[in-house]
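Visitor: Coordinates for the following, if possible.
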Amino acid sequence: MTSTLQDLAVQLFDAGAVRLEDIEAKVGRRTPIYFDLRVIVSHPKLMVAVSHQLEKLIKDVHHDMICGVPYAALPLAVVISINTDRPMIMKRKETKLYATKKLLEGVYEKNQTCLVVEDVVTSGGSLLETVETLRKEGLIVTHAVIVLEREQGGASVLEANGITVKSLFTLTNLVRMLHKAGRIDNDTVELIFDHIKECQFGTKDNLE
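Guide: Reported below is the predicted structural model:
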């Protein structure tokens, strides 16, 4: 599995899903490495490969259905749903303003277990927002599967809210894989590792 993830890390980098630049992240802080999984919708084989690895992580996790955090994780949730023959529901960004006025789309019943799929966790806020919506509808949420855990406190926040997080990559091992493959030099590795130490989230006040 490690060699497969090594190859996947390189493919994600080459596809532009991992970008090395000084950029302002969603939470308002600057980051030397940016992860944009949205680009893989233009790379079907890569999207299937990422989904396949996520499926391995959830093999022993009980769940009745799947929900992807909008919007980047939705394509992955769709592929996983099809491959595993597991029903999927969708959370809307905003409540529907007409007809049923739903926030969740799909068929579900109270006390069913829903697995959440996410692309990247930094502070954990976006994923937690989806979890809270699902729980308000009477669904049970205990696990989330993600592509990248940025090691900035988000996983701990989620675990404090009863969510076990399983990730394909941590930022540390992703950077090491890319360094080994010659995609990242020593100076960039040091810069990213310093960033991980300096940028930590630990309260719900600054979740995004």
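
Visitor: low pLDDT regions in the chain?
Guide: Counting by pLDDT under 70, the chain contains low-confidence residues at 1-3, 23-29, 94-101, 201-208.

Visitor: hmm, 50 instead?
Guide: Along the chain, the parts satisfying pLDDT under 50 run over 1, 203-208.

Visitor: The closest residue to residue 157 other than its chain neighbours and residue 106, how far apart?
Guide: Leaving aside its sequence neighbours, residue 157 sits nearest to residue 124 (Cβ to Cβ, 6 or more residues apart in numbering; 4.3 Å). All C-beta spots, glycine's among them, are computed from the backbone N, C-alpha and C. Between residue 124 and residue 106 the distance is 24 Å, computed by Cβ to Cβ, to the nearest Å.

Visitor: Kindly tell me how buried the residue nearest to residue 157 is, as a neighbour count.
Guide: Counted with other Cβ atoms under 10 Å, the neighbours of residue 124 add up to 30.

Visitor: Residue 53 now?
Guide: 17.

Visitor: May I have the residues that are in contact with it?
Guide: Residue 53 makes contact with 1, 4-5, 8, 168 under the criterion Cβ atoms under 8 Å, 6 or more residues apart in numbering.

Visitor: what about residue 44, how many neighbours?
Guide: Neighbours around residue 44, by other Cβ under 10 Å: 11.

Visitor: how much space between it and residue 15?
Guide: Taken as Cβ to Cβ, the span from residue 44 to residue 15 is 11 Å.

Visitor: quick one, strands of this protein?
Guide: Assigned by DSSP state E, the strands in the chain fall at 18-24, 30-35, 65-68, 88-91, 104-105, 114-121, 143-149, 164-170.

Visitor: Which residues in the fourth one does the neighbour count mark as buried?
Guide: It refers to strand 88-91. Using 16 or more other Cβ atoms under 10 Å as the test for burial, strand 88-91 gives 88-91.
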